[in-house]
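J.: I'd like to go over a predicted model; first the sequence, then the structure.
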Amino acid sequence: MKKIEAVIQPHKLDQVKEALKAIGVDGMTISEVRGHGRQKGHKEVYRGMEYDVDLLPKVKLELVIPDNRLDEITRTLVAAARTGKIGDGKVFVYDVADAIRIRNDDTGEAAL
Amino acid sequence: MLSHSPGPDAGEDVLAGRTARVDDCVKGAASAFLSGPGLPPFTIAAVGGYGRSELFPHSDVDVLVAVQSEEDLAAIKEPLAGFIRKLWDQGLRLSQSTRTIAECCRLQDQNVELNISLLDLRFLYGDLNLFNDLQERAAQFYKRSGEKLAQALAELTRARHAKYNETIYHLEPNIKETPGGLRDLQFLRWLTQLIPAHEAIRESLAGLGAARSLLFALRVFLHEKSGRDNNLLSFEMQDDAARDLAGGLDPGEWMRFYFYCARDVWQAAARALEYTESLDSSLLRHFRDRRSRLSTTEYTVSRNRIFLRNIAESTYSPSSVLRLFTFVARHGIRLSWDAQRRLRVEAAGLAGKFAASPATWTSWNDLLSQPHAGLALREMQEAGILTASIPEWRSIDSLVVRDFYHRYTVDEHTLIAVEVIDRLATRENGTSKRLQELLREVEDIAILRFALLLHDIGKGTKPGDHVTGSLETALAIAARIGMPRSHEEIALLLIEHHLDLSSVMNGRDLADPATARYLASRARTLEYLRYLTLLTYADISAVNPTAMTPWRFEQLWRAYGAGQQQLTRELESDRIHDVQALPPEDRTPEVAKFLEGFPTRYLRTHTREEIARHQSLVRRAEEYGAAVEVTQQKGSFLATVLANDRPGLFASICGALASFGLNIVKAEAFANASGLALDQFRFTDPLHTLELNPTETDHLRKIVERVVLGAEDVKVLLKRRRQPPRQGHAARLAPIVRFNNEVSGVATLVEFVGEDRPGLLYDLAAAFSEAGCDIELVLIDTEAQKAIDVFYVTRAGAKLAGALEEQLKWSLTQAASSVNDARGFPA
């Protein structure tokens, strides 16, 4: 199993969710996060006051998937999240040792 | 309403039955494990709900095992363990405590609940004499410590209310813990035992029979449906309860009935809390009593509450009623229970008075302008006055609209939203400084609160299309109270677009110029955008206590920033080229010629009447070369100047006003395609020259006209007059000058922020003139001591070059930093 962590632009969330749903991926965890990559470190000025804008609002999705769907799911996610501009975000992939469904003790891919 | 209530004994029968069955279990277990020889004297008593014989289907079973001494405690420990195990094995959730009698009758500062639980003692098993001894000593303990316990109980109750945000209006209330629920009923009951001399509490409790029946029946229902100690009236449970307990009534209507009952309990508990806290003789009480100096001939302020000296006077007319609540809003002091009660009695009659002769916008404006308007509106709601004065409010009173995110009923959400603005207005700790500053830039906070008050009223008047419903209702109310058209327009725009910023925050790329253009088109002007941002902030914050996360705030601020920059950009670029936006009867060649070339902002920020007025000034300007009008506004003056545009025109008008010691707080200046300049200045009169000498207004008008026509030299005028003394400040604001050549195709945007003072604008405009620059468009704003000025500037018809920018930056900074000598001349 693999865990995908994707940090994306907030306005792309609905599109990504719809795209994943269309290929049968429903289960995910979503958090509101703040961060930066190359978009960091600029200042904004408002009414003469400067504000550091180095942590921009983003959305993080986490999902655990079977190994054999990794390629399909990451491609779908990236395509839906992409705008082509700096700040689009990143996808990280991790190995997952095990998964357990709390309700009935299902383990492994059966728990997904 | 009472027809929706289950029968008076419906819940009680179940409770009595379960109590009896549990009694049998407890006595049986005690008989089996606690009846042998060698045991010390002990008594087993039911306490808490069990002691009251109010054992709900899945409640804990609270018992007290009392002995005489610590040695007896040790001796009974082992047989007690068997007794407890037996009851657990029988499926009872036993919650037992084992104490000496002395311990029970000692004040437990860290465990007030133990002291309180003994109020509901009931003998079950063991030594009856010991039980009687315990009961007698407990009675003496309560006599000694009743007041202190009552105050401790009041503190616990306050803490519990605070945990639920001091409101009964949760969409899915916990009927035991939420304000207005079972705990509040118990609180009242305990108070009657702790401070028996206070008859009023007993009377309140006696009047809560219907509420008690409902809550009891509801809790039994929830326990039986869930199969556990569940007290949450979730949406699913509401549907089931409406069907099973109220004969298939609509769940929304049934919940309204629930809230009406909860409100009765809550108001009784609030009254009891007020009384209990009045027993407090601490420093806090003395502090609260200091506010009694706010008393007037109409109202007495005592113990931080308002009492009515004469109910008939206070409820004589709609305006007298609003005057009372304006007092609440001004000082942030709540009504006493007594005042609330009296107003509730008068509410029906007042509804008739409001219908016959509605309170005017002047009265509402006064109330809604005060720092604690949200509190006042809440007090009006509690007293039934909000519905009396705005009958449409009834449609959202206790209205449940099921929503994953909203936690409160629609009316409660609305009141919380207004209170969010209160907290910004009073600069409460923890509120956003950025938004506090934004609120100070808003011209009329009353309009913002008015829009917030009605933004969701459509959820009651037109469910399914609440924005339209809110607009229709707001329009009707605005007409009824005689709201000025200009105010009405802003309020309606806010209501119409109150979801726009939220939707942009969530669904659009905030870095995309198309998003900025969209926001600018929806908000239309910078002023509206400020209002809309604040309204959106309040709306989201009132959804639930954690809705306005720092993340969401940043998104909102970014959206505001995008819209603000776009609207600033459009000041210069977006011009009127035709008059199709006007009503057909206004599309004359004269009007077209007048408007062509003005920024589109002009049409958005001026009413039809104002535009017509300006046109009449055009005729005078054509005849005499210039036309000047000076009118008095609320707290300030407005000077309108029409003249042929020329270099230095703006600076000369600023100088003329400065020569009278007047302080410009807002200004706009632009020219149309025919070269006619329309300059408007809002100014204050710190020396009260115009106020004290009415003829000076006409003198000012003539002087400005002469200056514009070149018949007076503004430098000479300035030399003749002494500048007003500078206001004292804690710290000076260093001037900031920024240039931007990207926003406009033809002019350079110069943004100035610095410390405001009389004559500043003249000095800045003069610096532009001396550098050979033409001011194409100006938008000036002032926020407290800060001047925020936007100029679109050209030189020889083109944008400014780099070297000139540097020179101008120095000149403007010097102009802003100049200190005047005693005669008012630069040092």
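T.: Happy to help now that I have it. Residues are numbered from 1 along each chain as shown, chains lettered A, B, ... in the order given.
J.: the lengthiest strand in chain A and chain B, any residue contact?
T.: Determined from DSSP state E, the single longest strand within chain A is strand A:56-65. Yes: counting by C-beta under 8 Å from any C-beta of the partner chain, chain B is contacted by strand A:56-65 at A:56-57. C-beta coordinates here come from the backbone N, C-alpha and C atoms, glycine included.
J.: what's in contact with that strand?
T.: A:1-10, A:12-13, A:16, A:20, A:25, A:27-36, A:39, A:73, A:77, A:87, A:89, A:96, A:99, A:112, B:551-552, B:554-555, B:558 (C-beta atoms under 8 Å, 6 or more residues apart in numbering or on different chains).
J.: return the subset of those residues lying in strands.
T.: A:2-8, A:29-35, A:89.
J.: and chain B, which of these reach it?
T.: Counting by C-beta under 8 Å from any C-beta, the members of those near chain B are A:32-34.
J.: for chain B, state which of those is nearest.
T.: Distance to chain B, by C-beta to the nearest C-beta, is smallest for residue A:32 among these, at 4.1 Å.
J.: so what pLDDT did the closest residue in space to that closest one that isn't next to it in sequence get?
T.: Once flanking residues are discounted, residue A:32 sits nearest to residue B:551: 4.1 Å by C-beta to C-beta, 6 or more residues apart in numbering or on different chains. Looking at residue B:551, its pLDDT reads 91.
J.: quick check: residue B:551 touching residue A:30?
T.: No: counting by C-beta atoms under 8 Å, residue B:551 stays clear of residue A:30, with 12.0 Å between them.
J.: look at the two and report which has more neighbours.
T.: The neighbour count for residue B:551 versus residue A:30, taken as other C-beta atoms under 10 Å in any protein chain shown, is higher for residue B:551 (18 against 15).
J.: got the contact list for residue B:815?
T.: Residue B:815 sits next to B:760, B:763-764, B:766-767 when contact means C-beta under 8 Å, 6+ apart.
J.: try residue B:175
T.: Contact analysis of residue B:175 by C-beta under 8 Å, 6+ apart lists B:181-182, B:215, B:218-219, B:222, B:231-233.
J.: same question for residue B:535.
T.: Applying C-beta under 8 Å, 6+ apart, we find residue B:535 in contact with B:448, B:451-452, B:455, B:494, B:498.
J.: any stretches of the stretch 651-800 of chain B with poor pLDDT?
T.: Filtered on pLDDT under 70, the stretch 651-800 of chain B yields the residue ranges B:721-732, B:784.
J.: again, 50 this time
T.: Along the stretch 651-800 of chain B, the parts satisfying pLDDT under 50 run over B:729-731.
J.: so in chain A, which helix runs the longest?
T.: helix A:70-81 (DSSP state H).
J.: repeat for chain B
T.: helix B:128-163.
J.: could you point out which element follows that one?
T.: Scanning forward in sequence from helix B:128-163 by DSSP states H and E, the next helix or strand is helix B:182-194.
J.: same for that following helix, what does it pack against?
T.: On a contact count with 3 or more C-beta pairs under 8 Å, 6 or more residues apart in numbering or on different chains; DSSP states H and E, helix B:182-194 meets helix B:128-163, helix B:199-206, helix B:209-226, helix B:251-278.
J.: for chain A, find the nearest of these.
T.: Of all those, helix B:209-226 sits nearest to chain A, with 18.0 Å by C-beta to the nearest C-beta.
J.: got the contact list for the closest one?
T.: Residues from elsewhere that reach helix B:209-226 (C-beta under 8 Å, 6+ apart): B:1-2, B:5-8, B:10-12, B:14-15, B:54, B:56-59, B:175-176, B:181-182, B:185, B:229-233, B:237, B:240-241, B:244-245, B:257-258, B:261-262, B:264-265.
J.: name the secondary structure element that contains the residue nearest to the spatial centre of chain B.
T.: The C-alpha lying nearest the average C-alpha coordinate of chain B belongs to residue B:419 (C-alpha atoms, centre = their mean; 1.4 Å). Assigned by DSSP H and E, residue B:419 belongs to helix B:410-425.
J.: next, the angle helix B:251-278 makes with that helix.
T.: Orientation check (axes from the mean of the first three to the mean of the last three C-alpha atoms, to 10 degrees): helix B:410-425 against helix B:251-278 gives 50 degrees.
J.: chain center to helix B:410-425, what's the gap?
T.: Its chain's C-alpha centre and that of helix B:410-425 lie 2 Å apart, by C-alpha atoms, centre = their mean, to the nearest Å.
J.: just stretch A:74-88 next, same as before
T.: Chain-centre distance of stretch A:74-88: 10 Å, with C-alpha atoms, centre = their mean.
J.: again with stretch B:21-35
T.: Counting by C-alpha atoms, centre = their mean, stretch B:21-35 comes out at 56 Å from the chain centroid.
J.: stretch B:690-700 now?
T.: What separates the centre of stretch B:690-700 from the centre of its chain is 40 Å, taken as C-alpha atoms, centre = their mean.
J.: list the contacts of that stretch.
T.: With contacts defined as C-beta under 8 Å, 6+ apart, stretch B:690-700 is touched by B:630, B:632, B:637, B:639, B:656-657, B:660, B:662, B:685, B:689.
J.: let's go with 7 Å and repeat that
T.: Here stretch B:690-700 makes contact (C-beta atoms under 7 Å, 6 or more residues apart in numbering or on different chains) with B:630, B:637, B:660, B:685, B:689.
J.: cool, and stretch B:143-156?
T.: Outside stretch B:143-156, the residues that touch it by C-beta under 7 Å, 6+ apart are B:107, B:112, B:115-116, B:187, B:190-191, B:194-195, B:273, B:276-277, B:279-280.
J.: tell me where the stretch 301-450 of chain B has strands.
T.: Assigned by DSSP state E, counting those that start in this stretch, the stretch 301-450 of chain B shows strands spanning B:305-308, B:334-335.
J.: how about the residues of chain B near chain A?
T.: Selection of chain B residues close to chain A by C-beta under 7 Å from any C-beta of the partner chain yields B:506-509, B:549, B:551, B:554-555, B:561, B:736, B:738, B:753, B:788.
J.: can you pull the poorly scored residue ranges out of chain B?
T.: For chain B, the stretches flagged by pLDDT under 50 are B:1-3, B:729-731, B:820-827.
J.: quick check: the residue of the stretch 501-650 of chain B nearest chain A.
T.: residue B:551 (4.1 Å).
J.: residue A:34 is in contact with that residue, correct?
T.: Yes: counting by C-beta atoms under 7 Å, residue B:551 does reach residue A:34; the two are 6.2 Å apart.
J.: low-confidence ranges in chain A?
T.: Under the criterion pLDDT under 50, no range of chain A is flagged.
J.: could you redo the last one with a cut-off of 70?
T.: Filtered on pLDDT under 70, chain A yields the residue ranges A:38-45, A:47-51.
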